[in-house]
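Novice: here is my input, please return the structure:
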Amino acid sequence: MSLHTLEIEGLRGFAKPERLELAIPNGNFGSGLTVLVGPNNGGKSTIIEAFAAFSREDPKLPDHGPSFAKGMRNLEAGGRVHLRATSPNGTVAEISTIDAGGSETTWHTGRIGAVVLPARRFFNPFFEKFPDYMHPSTYFNMGEHPTLRNSPLNRFYERIFRAHSDKESFNQLLGRIIHPVPQWNIEQTDDGKYYLQFQYDNSSHSSDGLGDGVLSIWCIVDALYDASEKQMIVIDEPEQSIHPSWQKNLFEVLGEFAKDRQIVYATHSPYFINWDAVFNGAQIVRVHKPKDDERTVLSALKQETVKLLQNLVKDNHNPHTLGLEAREIFFLQDSVVLVEGQEDIIQYKLIAEQLECAIPGDFFGWGVGGADKMPIIAQMLFELGFRKVVGILDKDKEHVKQQLDEKFPSFKFFVIPADDVCSKKPKKSKPAKDGLVKDGRLQERYRTEVKQLLGEIKSALSDD
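Specialist: Here you go, the predicted model:
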């Protein structure tokens, strides 16, 4: 079941109703991604728990809703939980605390059947034999709703035997993330227990010695490789214990799968925020708690702002404006400093050090790419719920400050008493140069040589 919205009230920090709008896949890379960002303790994992609540089914009590322990229920909301999910066609599923109150809930309609992976993805390294096929939506959604977030993936061996019987498909996907793919098999101890054995060159070890990063990827691949189209996948912190190069590979895989299915994940890694995916329809939602308030709030970008940001990405003179450094801003609590360019950041840090007057905030990336871009970045931060934002402009950009003051009265903007942060000598004119690219296109007369050059580069970097 695809979802359009998920409403949460009364679960942990959600004292008041908040609605999450999910991305709808449209066939383009990353279009079905809904990315939850924000600081620690903001409420991202609570949203993952809400998806799990809608997906779980206790075989002992199939007609009862999930139980929510006392510590999971918000007292400001009266200790009552209400979750509501709607599909694009208007179908509604609801979970509500029963009239008598307490931990028990009731279903108003059916489940959504999402595959939900917790942040701590681990399982018992020694297991029983269970060769029957179990679909991911069946395995990941069975059993009681967990009361502890760091619960192991119980009975995961049922999925391990499935992967072993379809190793070619499993390894094909695993190899897109991990290279080279480790050789692995199911082995048995003398006392009858089964375990995973991994072979690396001349050494081997069991699943008990499997690195946390490999284990994390293993579980994600297991949820993906045989999942059907339209299957919703929900992952808490896909980057858990994973090297940055593997994080980038994993994101590419998730982006491909999100062409035709909904994938929701909560992340602290800028490698899992991709602007091409956002421009294709992916949603970035900041989950946070406003200053001096324990209530969780959801803030998302408007489509008009996404279009403005798309123009920034096309600025070849400032390709870093929305780069990796800038994307780290999504995980801060607040207090952001906007400046015009990368030179400003370097110089203001030096000035603050010389004056022994620290700036109590984080600079946005390597600057906004020029004073005229500051309103766009300010708009993005405003929509994502940032409230403590300042901007510093050169003296000759007073007119930009006036525009910013009018549009963002809750932010503060300042003008320095000089036309630039750093004195500059006049520049001499530069002669024209002929380049490979002209007007955004590789010039035809260079095509053959450049293609050969790239082939040689590829060969030099190849493992063969």
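
Novice: contacting residues for the residue lying closest to W107 once chain neighbours are set aside?
Specialist: Nearest residue to W107 in three dimensions, chain neighbours excluded: G65, at 4.9 Å (Cβ to Cβ, 6 or more residues apart in numbering). In short, each C-beta sits where N, CA and C put it, glycine included. Residues counted as contacts of G65 (Cβ atoms under 8 Å, 6 or more residues apart in numbering) are A53, I95, S96, E104, T105, T106, W107.

Novice: make a ChimeraX selection of the buried ones in these.
Specialist: Those of the contacts of G65 that count as buried under 16 or more other Cβ atoms under 10 Å are selected in ChimeraX with:
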select :53,95,96,105,107
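
Novice: any idea which helix or strand in the chain has the lowest mean pLDDT?
Specialist: The weakest-scoring helix or strand in the chain, judged by mean pLDDT, DSSP states H and E, is helix 136-139 (a mean of 54).

Novice: closest to S203 among the contacts of G65?
Specialist: A53 (42.8 Å; Cβ to Cβ).

Novice: Validate this expectation: that closest one resides in a helix.
Specialist: Yes - assigned with DSSP: H, G, I helix; E, B strand; the rest coil, A53 falls within a helix.

Novice: the residue nearest to W107 and M232, how far apart?
Specialist: From G65 across to M232, the span is 19 Å (Cβ to Cβ, to the nearest Å).

Novice: show me the shaky parts of the stretch 51-200 of the chain.
Specialist: 57-63, 110-111, 130-152, 154-155 (pLDDT under 70).

Novice: can you show me the strands along it?
Specialist: Assigned by DSSP state E, counting those that start in this stretch, the stretch 51-200 of the chain shows strands spanning 82-86, 92-97, 105-107, 115-117, 183-188, 194-200.

Novice: closest one to G281 among these?
Specialist: Checking these against G281 by Cβ to Cβ gives strand 82-86 as the closest, at 18.2 Å.

Novice: how does the chain divide into domains?
Specialist: The chain breaks down by automatic domain parsing into domains covering 5-300, 310-415.

Novice: show the end-to-end separation of the longest one, please.
Specialist: In this case it means domain 5-300. 13 Å (Cα to Cα, to the nearest Å).

Novice: please, where are all the helices along the chain?
Specialist: 44-55, 136-139, 157-165, 167-174, 212-224, 244-257, 275-280, 303-313, 324-327, 342-354, 374-383, 398-407, 447-461 (DSSP state H).

Novice: could you export these as TSV, including distance to S429?
Specialist: Output for those, formatted as TSV (distance: least, Cβ to Cβ, whole Å):
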stretch	distance to S429
helix 44-55	52
helix 136-139	63
helix 157-165	64
helix 167-174	55
helix 212-224	53
helix 244-257	41
helix 275-280	35
helix 303-313	28
helix 324-327	32
helix 342-354	22
helix 374-383	29
helix 398-407	28
helix 447-461	29
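
Novice: okay, the ones you listed, which one's buried deepest?
Specialist: Stretch with highest mean neighbour count among the helices of the chain: helix 44-55 (a mean of 24; mean count of other Cβ atoms under 10 Å).
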